[in-house]
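Peer 1: Show me how the following folds:
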Amino acid sequence: MPRQRRHHDALLALRRRLFGYACALCPNLPNAEDLYQDTMLRAMSARSVPHDQTALRVWVFRIMRNLWVDRLRAAGRLPDLTSDDDIDLQIALDRPDDLTVNRLAVRQAFMKLAKPHRDVLALVDIAGFSYAEASDLLDVPQGTIMSRISRARAALALSLQDDDTLIALPRAQGRRFTGI
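Peer 2: Next comes the predicted model:
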């Protein structure tokens with residue numbers, strides 16, 4: 001199999017985790033889709049690519065993180081990541097079941113976390129990086145990753161217990177749903 005084909009196959013194998021990381025970084029789905037697509041385009045068109053699978057994974061996630069930071073810098077400000085206005089509730093209107101409500105509640109609680117906590121949860125719990133890999137990607141000591149992940153998980157759990165995390169779903173016309 002040609003080297004370029006192996007590279008593309010390895011990137012495609014990471015697509016779900018990579019898209020999950022994009023969703024964790026961006027406040028809404030369209031921005032996450034754009035970030036994911038730009039990352040894949042940049043990674044697939046790169047001339048020099050790590051051969052090792054672990055190094056490739058760290059490399060592509062670093063591309064995404066750098067693109068995201070560049071976009072924040074270009075905008076000249078940090079977006080309000082705690083705003084509920086950017087959460088796409090159309091999914092909930094189409095499929096108002098417990099799983100969707102839980103996903104939206106977790107996303108809302110996640111977006112309320114401090115940026116360092118979101119970063120470490122996105123890398124370790126969403127993208128599946130080890131503590132050592134996350135440490136390398138974020139350029140912080142592994143002990144810092146371990147303490148941040150512990151504090152981030154505790155903060156997320158506490159936020160999910162908070163009444164303010166509940167999402168009020170608008171009633172869809174023509175539907176009767178009493179499960180919330």
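
Peer 1: Just name the shakiest helix or strand of this protein by mean pLDDT.
Peer 2: helix 90-94 (a mean of 42; mean pLDDT, DSSP states H and E).

Peer 1: so where's the chain shaky on pLDDT?
Peer 2: The chain contains residues with pLDDT under 70 at 1-4, 77-104, 162-180.

Peer 1: Spatially central residue (nearest the centroid) of it, please.
Peer 2: Centroid-nearest residue in the chain: A24, 2.1 Å away (criterion: Cα atoms, centre = their mean).

Peer 1: what helix or strand does that one sit in?
Peer 2: In the assignment (DSSP states H and E), A24 maps to helix 15-25.

Peer 1: Only the buried residues of that helix, if you could.
Peer 2: By neighbour count on 16 or more other Cβ atoms under 10 Å, the buried set for helix 15-25 is 17-25. For glycine as for every other residue, the C-beta is placed from the backbone atoms N, C-alpha and C.

Peer 1: Which elements pack onto it?
Peer 2: Judged by 3 or more Cβ pairs under 8 Å, 6 or more residues apart in numbering; DSSP states H and E, helix 15-25 is in contact with helix 29-44, helix 53-75, helix 115-121.

Peer 1: Okay, angle between the first one and helix 15-25 too, please.
Peer 2: Inter-element angle recorded for helix 29-44 and helix 15-25: 130 degrees (by axes from the mean of the first three to the mean of the last three Cα atoms, to 10 degrees).

Peer 1: what's the angle from helix 29-44 to helix 53-75?
Peer 2: Here the directions of helix 29-44 and helix 53-75 differ by 130 degrees (the same axes, to 10 degrees).

Peer 1: Residues contacting helix 29-44, please?
Peer 2: Residues from elsewhere that reach helix 29-44 (Cβ atoms under 8 Å, 6 or more residues apart in numbering): 7-8, 11, 15, 18-19, 22-23, 25-26, 49, 59-60, 63-64, 67-68, 71, 88.

Peer 1: Can I get that helix in PDB, CA atoms only?
Peer 2: The C-alpha trace of helix 29-44 is given here as PDB (Å, rounded to 0.1, in the frame of the first residue of the first chain):
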ATOM      1  CA  LEU A  29     -21.800  22.500  15.400                       C
ATOM      2  CA  PRO A  30     -21.100  24.500  12.200                       C
ATOM      3  CA  ASN A  31     -17.900  25.900  13.700                       C
ATOM      4  CA  ALA A  32     -16.900  22.400  14.800                       C
ATOM      5  CA  GLU A  33     -17.600  21.000  11.300                       C
ATOM      6  CA  ASP A  34     -15.500  23.800   9.700                       C
ATOM      7  CA  LEU A  35     -12.600  23.200  12.200                       C
ATOM      8  CA  TYR A  36     -12.700  19.400  11.500                       C
ATOM      9  CA  GLN A  37     -12.800  19.800   7.800                       C
ATOM     10  CA  ASP A  38      -9.900  22.400   7.800                       C
ATOM     11  CA  THR A  39      -7.900  20.100  10.000                       C
ATOM     12  CA  MET A  40      -8.400  17.000   7.800                       C
ATOM     13  CA  LEU A  41      -7.500  19.100   4.700                       C
ATOM     14  CA  ARG A  42      -4.300  20.300   6.300                       C
ATOM     15  CA  ALA A  43      -3.300  16.900   7.600                       C
ATOM     16  CA  MET A  44      -4.100  15.100   4.300                       C
END
